[in-house]
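Enquirer: how would this look folded up:
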Amino acid sequence: MTVRAALRSALVETYRCSWRLLLVNTALTAAIGMVVLIVSTLPLALLIAPLVAGPVAAALVHCTVKVIREEEFQLRDAVEGLRLHWRRGFALGGLFGLGLLLGSLAVSFYISERHRALPLAVLAAYVFAIFSLLVLLAWPLAIAEPEARIFDAFRGAWSLLMRTPFRFLALGAALLVVNALGIVTVLPFLTLTIAYSFLAAGHVVLPRRSIQEEVTT
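Expert: Coordinates of the predicted model:
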């Protein structure tokens, strides 16, 4: 599926399942916000918030996979996703949190007055952006294939990214804009940006397997 088609399909599905996705998405943002409020030290919060919110993110991704494969989901699917994938949620959330922490420290280090190495700061930001895109692509693969190792999900995501890099960079850029708008606005639709991002990523990495399942069943 092309990036444009994936973004369009994700938009339609986000609108169709908006209130249910809003509830699960709100639970995820609430978990992140709670950790940020409790943990006063910013670097530590960058690591702990994604880790704690990981299981809720796994529940959200489980719901988006259901939407992609079955065109519908119920709120009980979020509970089922949390029960099935909470360990993977901790692992994926922790990995992203670690990358976020290291990326932030690297950028801060290179832009400090003592060092002022702007090219290295840009490079660190670029590496973190690629890592974030890789994690985003790995989420649907890890949740849709619960019997596979998380390493396999990352390997599959990396393989897809290297096969058509410009396609996935375009997807990442589009989702970055969407989530940036979600951060700076309070429009109801833009509170669904995380769910929308997972839907778009899922449409890019999952369609081939879904078609095979339909043929075999």
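Enquirer: Relative to I130, how far out is the residue nearest the centre of the chain?
Expert: In the chain, the C-alpha nearest the mean C-alpha coordinate belongs to L136, at 3.9 Å (C-alpha atoms, centre = their mean). Distance of L136 to I130, computed by C-beta to C-beta, to the nearest Å: 11 Å. To be clear about C-beta, it is placed using only N, CA and C from the backbone, and glycine gets the same treatment.
Enquirer: Show me the longest helix that occurs in the chain.
Expert: helix 75-111 (DSSP state H).
Enquirer: For it, name the packing helices and strands.
Expert: helix 18-38, helix 42-70, helix 118-144, helix 150-163 (3 or more C-beta pairs under 8 Å, 6 or more residues apart in numbering; DSSP states H and E).
Enquirer: Which of these has the lowest mean pLDDT?
Expert: For these, the bottom mean pLDDT is recorded on helix 18-38, which sits at a mean of 83.
Enquirer: coming back round to it: please work out how many residues are found near the nearest residue in space to the residue nearest to the centre of the chain that is not next to it in sequence.
Expert: With sequence-adjacent residues excluded and distances taken as C-beta to C-beta, 6 or more residues apart in numbering, L136 is closest to A201, at 5.0 Å. Counted with other C-beta atoms under 10 Å, the burial measure for A201 works out to 27 neighbours.
Enquirer: by how many degrees do the strand or helix carrying A201 and helix 42-70 diverge?
Expert: Element membership for A201 (DSSP states H and E) is helix 193-205. Here helix 193-205 points in a direction 50 degrees away from that of helix 42-70 (axes from the mean of the first three to the mean of the last three C-alpha atoms, to 10 degrees).
Enquirer: Go ahead and measure how far helix 193-205 is from the middle of the chain.
Expert: A distance of 7 Å separates the centroid of the chain from that of helix 193-205, by C-alpha atoms, centre = their mean, to the nearest Å.
Enquirer: returning to that earlier point: now the longest helix of the chain: average pLDDT?
Expert: Computed over helix 75-111, the average pLDDT equals 93.
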